[in-house]
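[1] show me the folded form of this:
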Amino acid sequence: MAKSASAPKTAGMNGSRITRDDIEQKLRSLAGEVDDKVESAKPVVVSGAVAGLLVVALVAYLLGRRRGKARSAVVEIRRL
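    Predicted coordinates for the structure are as follows:
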């Protein structure tokens, strides 16, 4: 059995070696793209979270009012 050839240590279109600077540059460009997407999505997420909290607070208030009415006693005061 013949051994398979290992992957060449050169890459890229021009056949040059990949350096640390090449890797850092590529990672920074990818991170920049992700940061741009996060910044553009922030306002939508924040407004959705605020709306969700308002809905939860409203539902808790209404359920609390309903429960309070069901448990409240009617006190009748009479004068003699």
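[2] and Ala60, how far is that from Leu54?
    Ala60 is 11 Å from Leu54, where distance means CB to CB, to the nearest Å. C-beta: built from backbone N, CA, C; applies to glycine.
[3] kindly report the same for Arg17.
    57 Å.
[4] quick one: which helix or strand includes the residue sitting nearest the centre point of the chain?
    Nearest to the geometric centre of the chain sits Val45, at 7.5 Å (CA atoms, centre = their mean). For Val45, the host element (DSSP states H and E) is helix 20-71.
[5] Val74 versus the residue of the chain positioned farthest from its centre, what's the distance?
    When each C-alpha in the chain is compared with the mean C-alpha position (CA atoms, centre = their mean), Leu80 comes out farthest, at 66.6 Å. Distance, Leu80 to Val74, by CB to CB: 20 Å.
[6] poorly predicted segments of this protein, please.
    The chain contains residues with pLDDT under 70 at 1-14, 70-72.
[7] CA atoms of stretch 69-80 as CSV?
    Extracted in CSV, the C-alpha atoms of stretch 69-80 (Å, rounded to 0.1, in the frame of the first residue of the first chain):
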residue,chain,number,x,y,z
LYS,A,69,-61.7,40.5,43.8
ALA,A,70,-62.4,36.8,44.3
ARG,A,71,-60.8,36.8,47.8
SER,A,72,-61.9,40.1,49.1
ALA,A,73,-64.5,40.0,51.8
VAL,A,74,-67.5,42.3,51.8
VAL,A,75,-67.8,44.1,55.1
GLU,A,76,-71.2,45.6,56.0
ILE,A,77,-71.3,48.3,58.6
ARG,A,78,-74.6,49.0,60.3
ARG,A,79,-75.5,51.7,62.8
LEU,A,80,-77.7,50.8,65.6
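[8] that stretch: how far from the chain's middle?
    Centre-to-centre, stretch 69-80 and its host chain are 51 Å apart (CA atoms, centre = their mean, to the nearest Å).
[9] buried sites along it?
    Going by neighbour count (16 or more other CB atoms under 10 Å), nothing in stretch 69-80 comes out as buried.
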